[in-house]
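> The amino acid sequence is not available; the structure is as follows:
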Ligand SMILES: [Zn+2]
């Protein structure tokens, strides 16, 4: 009988032949010790190669992938992120960190050097008999307060948050009061 | 079937479903890190590359076409990343597709171990594993990629053809030469091992 060439035997032993070829090869190998030996050699090599075990991913692998994706931050992903299991803790944590940061900024900022509108006691305005004069003042006051504090923040402090681009990808930030959102950006 | 499940997940990722991406990450994290680690012999680099592969999958989600099996697509990205990383690191020359044996023997193992004596950090291997790894690393690039895909990632030769961008018969021949080279190089283990 005609022996199969080695390459053909290899293909047969690794299931890389069609059904008809496989049938013929099986029949031949059953009767031919030489070809059977070759097939056994392929199997032995396969078993030896199995001994090389794969490396395991480190425990922080997923966290890194997620961080990379969060930075990637596209709107569709951003929405879906909120529903994610890990998003559930990351979002509150980000919000909490942001609040702490905002509080620190408020405490550390020196008083604005310009005339301070917001030091006018508010009860006075509330009891003011002339609403047209008092109201706009009060409205400007809260805006001025926020704006006066934010620019006075040292640039170095802001960089801390700038590094966390991913924080900007959470919808929860848009729900925070305006002043805090500005700090985040 | 697993492959169909990947495809379904990827289609959902394309529609913006982040949980499906998590599922893909869960299914492919381990094999992908293992694939890169075997190819580049550096755990940290392997993880960087696996992360990059996942990122690229995500970035390309809108271009994903379900005609190709997900793993073909994933490992095409992964193989390109790995081979580029190896070339960046060493300036190693690419073996022409399907023509592994015509190279200089492609012995990348000496080059890698010479230039990166500490690159094995995080990989604890037995002596036999080292021998096997050495044999695989001594293969020309294309044979090496083909063997790792076939043997360790359990990817069908037809899919490997799609991943490496060569014909199915070229893959068969590439794998045959690769396994024959390994058989010769691993002769001591084949003779001595109680298998
Ligand atoms: Zn025979």
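Happy to help now that I have it. Note that the coordinates shown come from a computational prediction; the quantities given were computed from them, not determined experimentally.

> CA only for contacts and neighbour counts going forward, please
Noted.

> pLDDT below threshold where in chain B?
B:1-3, B:91-123, B:193-195 (pLDDT under 70).

> Can you show me the helices along it?
With DSSP state H as the criterion, chain B has helices at B:2-14, B:18-40, B:43-59, B:70-90, B:108-115, B:127-137, B:141-147, B:157-164, B:168-185, B:187-192.

> how about these in a markdown table, adding distance to residue A:102?
Shown next, in a markdown table, are the helices of chain B (distance: least, Cα to Cα, whole Å):
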| stretch | distance to residue A:102 |
| --- | --- |
| helix B:2-14 | 35 |
| helix B:18-40 | 30 |
| helix B:43-59 | 32 |
| helix B:70-90 | 42 |
| helix B:108-115 | 49 |
| helix B:127-137 | 54 |
| helix B:141-147 | 52 |
| helix B:157-164 | 51 |
| helix B:168-185 | 60 |
| helix B:187-192 | 65 |
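
> now, of those, which is deepest in the fold?
Ranked by mean neighbour count under mean count of other Cα atoms under 10 Å in any protein chain shown, these are led by helix B:141-147, which reaches a mean of 26.

> helices or strands next to that one in the packing?
Applying 3 or more Cα pairs under 8 Å, 6 or more residues apart in numbering or on different chains; DSSP states H and E, one finds that helix B:141-147 contacts helix B:127-137, helix B:168-185.

> ok, now with 10 Å
helix B:18-40, helix B:70-90, helix B:127-137, helix B:157-164, helix B:168-185 (3 or more Cα pairs under 10 Å, 6 or more residues apart in numbering or on different chains; DSSP states H and E).

> I'd like the distance from the last one to the chain centre, please.
Think helix B:168-185. Mean C-alpha position of helix B:168-185 versus that of the full chain (Cα atoms, centre = their mean, to the nearest Å) differs by 15 Å.

> any idea of the angle that helix forms with helix B:157-164?
Angle of helix B:168-185 versus helix B:157-164, following axes from the mean of the first three to the mean of the last three Cα atoms, to 10 degrees, is 100 degrees.

> do helix B:168-185 and chain A meet?
Yes. Using Cα under 10 Å from any Cα of the partner chain, we find that helix B:168-185 touches chain A at B:168-169, B:172-173, B:175-177, B:179-180, B:182-184.

> OK, contacts around residue 9?
Reading this off chain A. Contacts here follow Cα atoms under 10 Å, 6 or more residues apart in numbering or on different chains; on that basis residue A:9 touches A:3, A:15-17, A:22, A:25-26, A:29, A:35-36, A:38-39, A:42, B:176.

> ah, I was thinking of chain B
With contact taken as Cα under 10 Å, 6+ apart, residue B:9 is in contact with B:3, B:15, B:17-24, B:70.

> Check those against the ion and report the nearest one.
Nearest to the ion among these is residue B:3, at 36.7 Å by Cα to the ion.

> Grab the nearest non-local neighbour of residue B:155.
The spatially closest residue to residue B:155, leaving aside those adjacent along the chain, is residue B:149, at 5.7 Å (Cα to Cα, 6 or more residues apart in numbering or on different chains).

> what's the one you found in contact with, if anything?
Residues near residue B:149 by Cα under 10 Å, 6+ apart: B:35, B:75, B:79, B:143, B:155-157, B:159-160, B:163.

> can you redo those residues as CSV with distance to residue B:49?
As requested, these are exported to CSV (distance: Cα to Cα, whole Å):
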residue, distance to residue B:49
B:35, 10
B:75, 12
B:79, 10
B:143, 20
B:155, 19
B:156, 23
B:157, 24
B:159, 21
B:160, 20
B:163, 17
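
> ok, back up a step: the contacts of residue B:9 into a markdown table, with extra columns for distance to residue A:96?
Below are the contacts of residue B:9 laid out as a markdown table (distance: Cα to Cα, whole Å):
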| residue | distance to residue A:96 |
| --- | --- |
| B:3 | 41 |
| B:15 | 31 |
| B:17 | 26 |
| B:18 | 24 |
| B:19 | 25 |
| B:20 | 28 |
| B:21 | 27 |
| B:22 | 25 |
| B:23 | 28 |
| B:24 | 30 |
| B:70 | 39 |
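
> picking up where we left off before, and which of the contacts of residue B:149 is nearest to the ion?
Closest to the ion out of the contacts of residue B:149 is residue B:157 (24.5 Å), distances taken as Cα to the ion.

> I'd assumed residue B:168 was in contact with the closest one.
Yes. The pair residue B:157 / residue B:168 is scored as a contact, 6.8 Å apart, by Cα atoms under 10 Å.

> Quick check: neighbours shared by these two?
By the contact definition Cα under 10 Å, 6+ apart, residue B:157 and residue B:168 are jointly contacted by residue A:16.

> Could you chop chain A up by domain?
The record's domain split for chain A, according to automatic domain parsing, is A:6-49, A:61-105, A:132-184.

> Residue B:155 reaches residue B:76, doesn't it?
No. Using Cα under 10 Å, residue B:155 makes no contact with residue B:76, being 11.8 Å away.

> Now the common contact residues for those two.
Residues touching both residue B:155 and residue B:76 by Cα under 10 Å, 6+ apart: residue B:163.

> who in chain A is up against the ion?
A:3, A:32, A:35 (Cα under 5 Å from the ion).

> re the thing from before, output the residues of helix B:168-185 next to chain A as a markdown table; include the columns distance to residue A:46.
Shown next, in a markdown table, are the residues of helix B:168-185 next to chain A (distance: Cα to Cα, whole Å):
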| residue | distance to residue A:46 |
| --- | --- |
| B:168 | 21 |
| B:169 | 21 |
| B:172 | 16 |
| B:173 | 17 |
| B:175 | 12 |
| B:176 | 13 |
| B:177 | 14 |
| B:179 | 9 |
| B:180 | 11 |
| B:182 | 10 |
| B:183 | 9 |
| B:184 | 13 |
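
> I'd guessed residue A:36 sits against residue A:6; true?
No. Residue A:36 lies out of contact with residue A:6 (Cα under 10 Å); the separation is 11.1 Å.

> Perfect, I'm done here.
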